[in-house]
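J.: predicted model and sequence below, questions to follow.
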Amino acid sequence: MTTAISKTEGFAKFLSEYHLATLTTLRPDGRPHVVPVGVTYDHASGVARVITKKSSVKVTNILSALPGEARVAVSQVDGPRWVTLEGVAQVVTESGRIADAVAGYAARYGRVPAEDPERVLVEITPDHTMGVVEVGRRG
């Protein structure tokens, strides 16, 4: 269950500002694989999105898990403010959903990524959210 922080204005604002994040996936042997990523968050659907290459280690790790069991965490930090979204990831290859994710990335990060025939989308459905998005307030 996602905690109340995801319902606040501060959460929405923090996840729309220009910040890179880290994505943690689990290797088949259980070791974490942590990489920097650009992430977008769709507040209406409650889904985080990362565009990447289908040959990436993060995609391999997600696909190696049983369907619906690819546990991941995406974290963003800026000084004392931070958010971590924990949940289940899936790899999406549908071109329309990838195009929507690229548009979201361009809106957040101010640039359209170069075309990539290997591009896929990692969608993360958080079931636990934690962080501090407003200094002096915990959420």
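T.: Good, I have the coordinates. Everything numeric here is computed off the predicted structure, so don't read it as measured data. Residues are numbered from 1 along each chain as shown.
J.: from now on I want contacts and neighbour counts done on CA atoms only, so please keep to that.
T.: Will do.
J.: as a check, name the ranges of all helices in the chain.
T.: Ranges of helices in the chain, per DSSP state H, are 9-14, 57-64, 95-109.
J.: out of those, which gets nearest to residue 133?
T.: helix 9-14 (5.6 Å; Cα to Cα).
J.: any idea of the mean pLDDT for the closest one?
T.: On average, the pLDDT along helix 9-14 is 88.
J.: would you mind listing the buried residues in it?
T.: Using 16 or more other Cα atoms under 10 Å as the test for burial, helix 9-14 gives 10-12, 14.
J.: equivalent analysis for stretch 95-114, please.
T.: Within stretch 95-114, the residues scored as buried using 16+ other Cα under 10 Å are 98, 101-105, 108-109.
J.: distance between that stretch and the chain's centre?
T.: Relative to its chain's centre, stretch 95-114 lies at 13 Å (Cα atoms, centre = their mean, to the nearest Å).
J.: could you do stretch 115-131 as well?
T.: 4 Å.
J.: what's the mean pLDDT across it?
T.: 96.
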